[in-house]
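**Student:** requesting a structural model of the entry that follows:
(one chain, ligands or ions: 2)
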Amino acid sequence: MSVRISPSILAADFVNLERDISRISNADLVHVDIMDNHFVSNLTFGLQMTERIQQVSTVPLDVHLMIDNPERWAPEYADLGAFAVTFHAEAAVDPVALARALRAQGTRAGVAVKPGTPIGPYLELLEEFDLVLVMTVEPGFGGQSFMDETMPKLRQLRELVDKRGLDVWLEVDGGIDERTIEIAAAAGADTFVAGSAVYRGADPSLRVTELRERALA
Ligand code: DX5
Ligand code: ZN
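**Tutor:** Numbers count the residues shown, from 1 in each chain. Ligands and ions are numbered 1, 2, ... in the order given. Have a look, this model is predicted:
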């Protein structure tokens with residue numbers, strides 16, 4: 001199985017983003033957290049900044065929209081060339097319709113669920129998505145502790161994806177480090193977001209390599 005590491009630039013230096021993105025050029029994706037101070041209480045940045053990130057990054061963008069009204073904004077992120085655009089199931093009026101619209105734009109469509117949101121309603125709809133993001137912390141802030149209790153959702157997803165032979169990436173986000181990545185990989189995740197674990201310390205690119213090795217172990 002192939003694994004993907006997606007460093008979250010939420011943990012990077014916002015006034016040196018180009019430098020910090022170049023420090024993870026060995027990553028598979030770069031995770032861009034969009035927060036609107038509504039769906040979550042924190043605030044990051046929006047389209048204009050993401051467009052510049054897209055221009056300077058050699059690594060494809062993995063956009064995570066923690067925003068209300070994703071129908072309004074997700075297509076704009078697809079438009080600017082993001083590799084994957086993931087919106088929250090709790091915020092979308094019709095997740096399947098939105099995913100279809102994003103796919104029609106040529107982008108991979110992802111649906112994210114908060115730790116308390118059941119995955120049941122999406123299990124029958126998996127082929128409508130290219131990616132399912134199981135949040136392993138409450139969305140909003142970096143540096144929180146991994147929630148083991150989210151792992152049963154991943155195991156359910158992995159079983160179904162494999163049984164049906166689907167090409168759906170299973171992503172985890174929140175509290176992923178050298179230890180918890182093994183737990184999430186064992187539960188079936190193949191795509192791993194890591195913010196603080198990558199950007200703490202002097203060598204983010206080495207952290208990416210180490211995390212990839214741990215996920216494959
Ligand atoms: C949290 C964000 C994450 C965050 C993860 O709501 O969605 O992407 O950057 O940060 P760490 O890896 O520090 O938990
Ligand atoms: Zn995220």
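
**Student:** which one of the residues in the chain is closest to ligand 2?
**Tutor:** Here the residue of the chain nearest ligand 2 is residue 64; by CB to the ion that distance is 3.7 Å. To be clear about C-beta, it is placed using only N, CA and C from the backbone, and glycine gets the same treatment.

**Student:** and residue 1, what pLDDT?
**Tutor:** pLDDT recorded at residue 1 is 71.

**Student:** can you get me a residue count around the nearest residue to it once chain neighbours are set aside?
**Tutor:** Counting by CB to CB, 6 or more residues apart in numbering, residue 190 is the residue found nearest to residue 1 once chain neighbours are left out, at 6.0 Å. Counted by other CB atoms under 10 Å, the residues lying close to residue 190 total 20.

**Student:** same deal with the one 10 residues further on?
**Tutor:** Residue crowding around residue 200 was assessed by other CB under 10 Å; the count is 12.

**Student:** ok, back up a step: the residue of the chain closest to ligand 2 in helix, strand or coil?
**Tutor:** strand (DSSP: H, G, I helix; E, B strand; the rest coil).

**Student:** can you give me the distance of it to residue 163?
**Tutor:** Residue 64 sits 27 Å away from residue 163, going by CB to CB, to the nearest Å.

**Student:** mind listing what the nearest residue to residue 8 once chain neighbours are set aside touches?
**Tutor:** Leaving out its chain neighbours, the residue that sits closest to residue 8 by CB to CB, 6+ apart is residue 195, at 3.5 Å. Going by CB atoms under 8 Å, 6 or more residues apart in numbering, residue 195 touches 7, 8, 9, 10, 11, 31, 142, 143.

**Student:** so which of these wins on neighbours?
**Tutor:** That'd be residue 7 among these, by other CB under 10 Å, with 31 neighbours.

**Student:** so where does that one fall, helix or strand?
**Tutor:** strand 4-7 (DSSP states H and E).

**Student:** just residue 205 next, same as before
**Tutor:** helix 204-216.
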